[in-house]
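1. pasting the sequence and the predicted coordinates here, then a few questions.
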Amino acid sequence: AILKLLAPKQPKQHLVGWGYNRHGQLGLGHSTSQKMPVVMDLSKWGVETRITHICCGGMSSYIVTQNHEVFAFGNNGKGQLGIGECGGRHKTPVKMTKLSGKHMSIKRISAGYDHCFA
């Protein structure tokens, strides 16, 4: 999966993604792979502030916002989405509540195939 920010200086921001999506790692709400770039309106998934960092793991993806909110989507087979459970696939961004907010001040995430560091 490939994710790229589109117009990060604009008031309304979108993410563009394409490629393999069997586990929902593109955050489109489905698991159909995309041969061409697809623009995503992340506000419908609760991502309201400017994205400052994106990261892709093996079959999962992560977003960090200007307000230090962290969102994850895709495969969660080993708990790599950090949402307090193992298993399943999340085809839309899920807020990582333990890492979100000014109390943590997360700026970047680095993801391996089945693990992450922030």
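-> Sure thing, it's come through. Numbering: from 1, shown residues only.
2. can you list the low-confidence ranges for the protein?
-> Scanning the chain for pLDDT under 70 picks out the ranges 1-13.
3. and for the closest residue to residue 78 other than its chain neighbours, the neighbour number?
-> Residue nearest to residue 78 in three dimensions, not counting chain neighbours: residue 114, with 4.2 Å by Cβ to Cβ, 6 or more residues apart in numbering. For every residue, glycine as well, the C-beta is placed using N, CA and C. Neighbour count for residue 114, taken as other Cβ atoms under 10 Å: 15.
4. who are the neighbours in contact with residue 114?
-> 57-58, 77-78, 80 (Cβ atoms under 8 Å, 6 or more residues apart in numbering).
5. kindly reformat these as TSV containing neighbour count and distance to residue 106.
-> Listed next are the contacts of residue 114 as TSV, based on neighbours: other Cβ atoms under 10 Å; distance: Cβ to Cβ, whole Å:
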residue	neighbour count	distance to residue 106
57	22	16
58	17	20
77	16	23
78	13	20
80	22	16
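6. closest to residue 97 out of these?
-> Relative to residue 97, the closest of the contacts of residue 114 is residue 80; by Cβ to Cβ it sits at 15.9 Å.
7. just to check, the closest one is in contact with residue 61?
-> No. In this structure residue 80 lies outside contact range of residue 61 using Cβ atoms under 8 Å: 10.6 Å.
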